[in-house]
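Engineer: Pasting a predicted model and its sequence here:
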Amino acid sequence: MILCECCKIREILREGLTDVPDTNFTRNTIRGISMAPGEMDLLQVFWARRGKFVSYDAMYEVLWPRGQQPKDWRRIIAVYVCHLRQALSKSFQITNKHGQGYALEFEKPSRARLVS
């Protein structure tokens, strides 16, 4: 059985992730910075699918599963992503691909940075 992206993401949220660096899901914090519950939900999805784009539709399903479509929901997602970008360490980057969504990418430290 092949699961759609939204179903895979719901499964991720049910399992709950705890291995995101510098993150406390019990207190909704990243590196000590308080985050909204929706931002933490997006982080879990991005972390589980790191390196892969998460579509806007899938993010919508995660944040508003009962179809309570808020006005300007794409803007709300953009604000959540902005907050996540500010809170995450510089080793992580959230990229956007127009029309596809967002992806969390891990930047491996360069050899020059390891030596210095």
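Structural biologist: Yep, it's here. Numbering: from 1, shown residues only.

Engineer: Please identify the buried residues of the longest helix seen in the chain?
Structural biologist: Ordering each helix of the chain by length in residues (DSSP state H) puts helix 73-87 first. Residues Ile76, Ile77, Tyr80, Val81, His83, Leu84, Ala87 are the ones in helix 73-87 that count as buried (16 or more other Cβ atoms under 10 Å). C-betas here are computed from N, CA, C, even on glycine.

Engineer: where do the strands sit along this protein?
Structural biologist: For the chain, applying DSSP state E gives strands covering 23-24, 29-30, 33-34, 92-97, 101-106.

Engineer: Compare those strands and say which comes out lowest on pLDDT.
Structural biologist: Ranked by mean pLDDT, the strands of the chain bottom out at strand 23-24, with a mean of 70.

Engineer: hang on, the earlier thing: using TSV, please lay out the buried residues of helix 73-87 together with pLDDT and distance to Asn28.
Structural biologist: Below are those laid out as TSV (pLDDT from 0 to 100; distance: Cβ to Cβ, whole Å):
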residue	pLDDT	distance to Asn28
Ile76	93	17
Ile77	93	18
Tyr80	93	13
Val81	94	16
His83	91	11
Leu84	91	12
Ala87	87	11
